[in-house]
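Undergrad: this one's structure only:
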């Protein structure tokens, strides 16, 4: 990690001036079948489009603040098809991210085979600061790692743009 790069995610997003892109490549993240948003979703709870206050906070506030400053936030998800139950959960709630200002696209994993991808999910801020997201085998976060290494940033930028160009916008993607 470079000493001049903020380590906290909120600081990274706050310092972004042009762009923040996120590549997700897992079919599930820290699934809790007993409690929390995923468990609620499995019991039939859905976000009410008219009740913005009940949506995922403080994340959506951060997105709205960044996009209001002119930062373009894009998220691409590489997913196996047919999709996992967790991916269905993500898909059902993605309208909240879009409403907050994120642009989101989905790419079936079989269409990503010829893309050179980093080994971990990541955020890339202003094309030069990478925040790697590390997970264990069950999708639990092991924390992040931040770098401003130009080679890592170049790899992430190229991978993201290749995924983005092949992926389907959220409003056009149909889960299978």
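TA: Yep, that arrived. All values derive from a computational prediction rather than experimental measurement.
Undergrad: Strands of this protein, start to end?
TA: For the chain, the strands defined by DSSP state E cover 19-24, 72-79, 103-108, 121-125, 129-135, 141-147, 168-169.
Undergrad: Quick one: residues in contact with the shortest one.
TA: Strand 168-169 is contacted from outside by 103, 104, 105, 106, 107, using C-beta atoms under 8 Å, 6 or more residues apart in numbering. Quick note: C-beta positions are derived from backbone N, CA and C, even for glycine.
Undergrad: Looks like residue 54 contacts residue 46 (just checking).
TA: No. Contact criterion C-beta atoms under 8 Å: residue 54 and residue 46 do not qualify, at 10.5 Å.
Undergrad: pLDDT weak spots in this structure?
TA: Judged by pLDDT under 70, the chain has its weakly predicted residues at 1-6, 56-57.
Undergrad: How many residues are close by the nearest residue to residue 48 once chain neighbours are set aside?
TA: In space, and not counting its chain neighbours, residue 48 is closest to residue 54: 6.5 Å by C-beta to C-beta, 6 or more residues apart in numbering. As a burial measure, residue 54 scores 10 neighbours (other C-beta atoms under 10 Å).
Undergrad: What distance do you get for residue 54 to residue 45?
TA: 10 Å (C-beta to C-beta, to the nearest Å).
Undergrad: do the same with residue 99
TA: 18 Å.
Undergrad: do the same with residue 36
TA: According to C-beta to C-beta, residue 36 stands 11 Å off from residue 45.
Undergrad: what does residue 35 give?
TA: From residue 35 to residue 45 the distance is 12 Å (C-beta to C-beta).
Undergrad: Who are the contact partners of residue 86?
TA: Here residue 86 is in contact with 27, 28, 29, 31, 38 (criterion: C-beta under 8 Å, 6+ apart).
Undergrad: Same check on residue 102?
TA: 63, 67, 73, 74, 75.
Undergrad: quick one: the closest residue to the first one other than its chain neighbours from residue 80, how far?
TA: With C-beta to C-beta, 6+ apart as the criterion, residue 63 has its nearest non-adjacent residue at 4.1 Å, and that residue is residue 100. When C-beta to C-beta is applied, the distance between residue 100 and residue 80 equals 26 Å.
Undergrad: who's more crowded, those two?
TA: Taking other C-beta under 10 Å, residue 100 and residue 80 do not tie; residue 100 has more neighbours (20 against 12).
Undergrad: Report whether the expected contact of the more buried one with residue 66 is present.
TA: No. The pair residue 100 and residue 66 does not pass the contact test of C-beta under 8 Å, sitting 9.4 Å apart.
Undergrad: what about the helices in this protein?
TA: Along the chain, the segments classed as helices by DSSP state H run 9-15, 37-42, 59-68, 85-100, 150-166.
Undergrad: name the helices or strands packed onto the first one?
TA: Counting by 3 or more C-beta pairs under 8 Å, 6 or more residues apart in numbering; DSSP states H and E, the packing neighbours recorded for helix 9-15 are helix 59-68, strand 121-125, strand 129-135.
Undergrad: I appreciate the help and will end here.
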